[in-house]
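Trainee: Kindly generate the corresponding structure for this input.
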Amino acid sequence: MIGNAPRRPGPVRLSLAEREEIACLRAAGHGVRAIGRAIGRPASTVSRELARNTGSAGGYRASSAQHAAEQRARRPKTAKLAADPALREAVQAGLGRKWSPRQISARLVLDFPDRPEMRVSHETIYQALYVQGRGALRRELSAALRTGRALRTGRALRVPRRQA
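Mentor: Reported below is the predicted structural model:
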């Protein structure tokens with residue numbers, strides 16, 4: 001199992017050097033597009049980075065932005081259904097009614113319009129059912145799914161139907 005130690009960023013994530021370049025160019029008064037061109041990244045990436053990591057005083061610090069990014073990327077994270085008993089109960093009730101995870105997800109939005117913490121994607125429900133190591137939902141609830149399948153198969157592993 002891979003630990004929570006900070007890893008080198010991949011090609012998608014900004015590196016500390018790129019964050020330092022953003023900080024220098026921002027302090028020099030350059031705009032988001034100019035900074036993006038200088039570091040070879042889209043302006044939207046720079047804009048998102050500045051919005052996420054600009055302090056209350058209006059300054060951007062590369063070291064604190066790097067630390068915050070590492071903290072957000074830590075794994076393993078606690079599963080949403082494992083952390084919230086009320087949400088877990090609502091999902092289990094939906095599965096007990098033989099609703100699909102998509103229906104449960106849509107129903108939660110209608111039942112709890114003012115509580116965003118009570119929203120969960122259908123994909124999270126499937127993961128909680130099929131990946132029992134995350135400790136979210138009881139195993140017998142996977143039998144409540146319409147397919148009744150206890151394991152999930154990827155698209156590449158499915159046997160294609162014969163064409164007539």
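Trainee: In the protein, what helix or strand scores lowest on average pLDDT?
Mentor: Least confident helix or strand of the chain, by mean pLDDT, DSSP states H and E, is helix 122-130 with a mean of 83.
Trainee: for that helix, packing partners?
Mentor: For helix 122-130, the contact count by 3 or more C-beta pairs under 8 Å, 6 or more residues apart in numbering; DSSP states H and E identifies helix 80-83, helix 101-111 as packing neighbours. Bear in mind the C-beta positions are built from the backbone N, C-alpha and C, glycine included.
Trainee: Highest mean neighbour count out of these?
Mentor: Highest mean neighbour count of the helices and strands packed on helix 122-130: helix 80-83, a mean of 17 (counted as mean count of other C-beta atoms under 10 Å).
Trainee: Against which helices or strands is it packed?
Mentor: Counting contacts by 3+ C-beta pairs under 8 Å, 6+ apart, helix 80-83 packs against helix 85-96, helix 122-130.
Trainee: what distance separates the least confident helix or strand of the chain from the centre of its chain?
Mentor: How far helix 122-130 lies from its chain's middle: 13 Å, per C-alpha atoms, centre = their mean, to the nearest Å.
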